[in-house]
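Asks: Following is a predicted model, sequence given first.
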Amino acid sequence: MLEFWNKAFAYFWRPELPWALLFTFGLGLILFQLLPASRRAIVTSLELYGLCVLGKFSSACLNAFALHNSAEIVHEMFVVGSGLIMIHLLGLLLFRLAFPLIRLRIPRIIEDLLTFLGYIAWVLVRLRLAGMDLTSLVATSAVLTAVIAFSMQDTLGNTMGGLLLQIESSIKVGDWITIGNVAGQVSEIRWRYTALETRDGETVIFPNSVLMKNSFTIVSSPMQRRPEWRRWLWFNVASSIPPGRVQEVALAAIGTADMPNVARTPEPSCVLMEFGPGFARYALRYWLIDVEPDSPTDSQVRGRLLAALQRAGIELAVAQNEVSLSFDTRKAPEEREQQRRRQALRSAEIFAVLSDEEIAQMASNLVYAPFANGDVILREGSTTGDSLYLLAEGEVDVWLDELPDRPGGHVAVLGTGEVLGEIGMMTGEPRRATLIARSYAQCYRLDRATFERVIQSRPEVAGEIARVLASREQRLRMPAGERAQPLPSGLSLRTKSILDKMREFFGFCDG
């Protein structure tokens, strides 16, 4: 029995074995520490190498039983397997560790190709060392290769397509592309296919031959400058409206406040593209910084544009051939709208002293003025105080600029029923705060001329309005937790100051 194990060990323990073991397991441990993302593949490779070592020992046992031919065949099989595993680990060392350290990026398909060629070279070397004539092998396999190539032409086409895509860098992992009706980000490029991850979380597989035969659009690339993608928003308005007016309103819609994904440079533009019977077609063009949330960004821009057009009294045009039906019930929506306007005025504390007739007069002159989320309604310091806004629905943030005598920042949230910009409209003073729509805010705009007609006809109400303005102003400047407490003394001085400015601004005398 001792003689058996001596023969087996002598056959198994060859001079190159310890060096091979040291190289393979040493390289495996290094890669395991430095390549966390490939640890599973490294562990699997080392386990397979261990099986190959056991396979070599089994061939040694066969040799000890005098089965020399079988022992040589088994030994050679596991030598080939061991070599393939070592080539795999060397490939990881070069392509995943060494080349990235010198900032040399090798496409994955090139890595696979070179590793595969290494496998073939190793197998041919072992066949040559085993005594096989490689010339006859190549000649014999030529016909077989032709048959295989003909039967697998689609697969070969996909493989060559993937190889050319990588070599030419036509597309890269991370690119956003559109092909046909599919848009997505390239997640991987393999031998046979290219995978796209769509915005809906779907993975779409395109054979590489399809990409080679058809055109596709690269929307953005990780190496591309930002902003990345220009978007076009089309809309029609009546041709009777001056183009300069439409373009001014459209650009102001996305230029008055920063939008998270709309680039400031290059600047947005609005162009007149065409016109027809009764309509003019415009395009609002802007650049996206990040192409992934394209639909949410487009939705925000559309909302702001629609609100801006409505505030400016610009209606979207309809086709001339549309049939318009009229019903006797058309007055019902108008009556409901008037009721809503009167309710908005009644909800405002500063107009509580007005009569029903005066409220109705003002309601008929209100202008619907919606604001989208993030729109700047009023800006602190502005002197264009020719109107105020009634907040019929939604919320508005109040911001103060930082000054030497006061801290700045967010100071309040105004809700339904509040009045915006009343001090500026009634006294001519600059706007005292910046108001930004916190949500979609439905407002009504009251101009100075309408209010002036009411105040001139009944100037005695000015004192009560001034008192309410002074108290509102004082409460807004108080911390949120103290606004329910009684107001401090000295309020009458501010009331008198506001009343004096109203008299001077509107030119009335209340007796």
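Replies: Thanks, I have it.
Asks: how far does stretch 393-401 stretch from start to finish?
Replies: Terminal residues of stretch 393-401 are spaced 26 Å apart (Cα to Cα, to the nearest Å).
Asks: Show me the contact partners of it.
Replies: Here stretch 393-401 makes contact (Cβ atoms under 8 Å, 6 or more residues apart in numbering) with 371, 377, 380-381, 406-416, 418, 420, 433-443, 476. All C-beta atoms are positioned from the backbone trio N, CA, C, and that covers glycine.
Asks: did I read that right, residue 354 in a helix?
Replies: No. If the criterion is DSSP: H, G, I helix; E, B strand; the rest coil, then residue 354 is coil and not within a helix.
Asks: who's in contact with it?
Replies: 345, 362, 454, 461.
Asks: Those in helices, which ones?
Replies: When the contacts of residue 354 are checked against helices (DSSP state H), the matches are 345, 362, 454.
Asks: With pLDDT added, can I get the residues you listed in a markdown table?
Replies: Below are those laid out as a markdown table (pLDDT from 0 to 100):
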| residue | pLDDT |
| --- | --- |
| 345 | 90 |
| 362 | 90 |
| 454 | 86 |
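Asks: Of the residues you listed - the most surrounded one?
Replies: residue 345 (23 neighbours; other Cβ atoms under 10 Å).
Asks: so how far is stretch 454-473 from its chain's centroid?
Replies: Distance of stretch 454-473 from the chain centroid (Cα atoms, centre = their mean, to the nearest Å) equals 49 Å.
Asks: Just the CA atoms of it, as PDB, please.
Replies: In PDB, the C-alpha atoms belonging to stretch 454-473 read as follows (Å, rounded to 0.1, in the frame of the first residue of the first chain):
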ATOM      1  CA  VAL A 454     -64.700 102.100  -5.200                       C
ATOM      2  CA  ILE A 455     -62.500 104.100  -2.800                       C
ATOM      3  CA  GLN A 456     -63.300 107.300  -4.500                       C
ATOM      4  CA  SER A 457     -67.100 106.700  -4.300                       C
ATOM      5  CA  ARG A 458     -66.900 105.900  -0.600                       C
ATOM      6  CA  PRO A 459     -63.600 107.100   0.900                       C
ATOM      7  CA  GLU A 460     -64.800 106.600   4.500                       C
ATOM      8  CA  VAL A 461     -64.000 102.800   4.200                       C
ATOM      9  CA  ALA A 462     -60.300 103.700   3.700                       C
ATOM     10  CA  GLY A 463     -59.700 103.900   7.500                       C
ATOM     11  CA  GLU A 464     -61.000 100.400   8.200                       C
ATOM     12  CA  ILE A 465     -59.000  99.000   5.300                       C
ATOM     13  CA  ALA A 466     -55.900 100.700   6.600                       C
ATOM     14  CA  ARG A 467     -56.400  99.200  10.000                       C
ATOM     15  CA  VAL A 468     -56.700  95.700   8.600                       C
ATOM     16  CA  LEU A 469     -53.600  96.200   6.400                       C
ATOM     17  CA  ALA A 470     -51.600  97.300   9.400                       C
ATOM     18  CA  SER A 471     -52.700  94.400  11.500                       C
ATOM     19  CA  ARG A 472     -52.000  91.900   8.700                       C
ATOM     20  CA  GLU A 473     -48.600  93.300   8.100                       C
END
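Asks: Now do the buried residues in it.
Replies: Buried residues in stretch 454-473, counted by 16 or more other Cβ atoms under 10 Å: 454-455, 459, 461-472.
Asks: From those residues, pick the one nearest residue 77.
Replies: Closest to residue 77 out of those is residue 472 (91.1 Å), distances taken as Cβ to Cβ.
Asks: For that closest one, list the residues it contacts.
Replies: 349-350, 419, 422.
Asks: Just the ones in helices from those, please.
Replies: Among the contacts of residue 472, the ones falling in helices (DSSP H) are residue 422.
Asks: Export the contacts of residue 472 as TSV, with columns for distance to residue 397 and neighbour count.
Replies: Shown next, in TSV, are those (distance: Cβ to Cβ, whole Å; neighbours: other Cβ atoms under 10 Å):
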residue	distance to residue 397	neighbour count
349	20	16
350	21	20
419	16	24
422	17	24
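Asks: Now for the contacts of residue 472: which two are most distant?
Replies: Farthest pair in the contacts of residue 472, by Cβ to Cβ: 349 and 422, 10.2 Å.
Asks: about what we covered before: which pair in the contacts of residue 354 has the greatest spatial separation?
Replies: Pairwise over these, using Cβ to Cβ, the maximum falls at 345 and 461, 13.4 Å.
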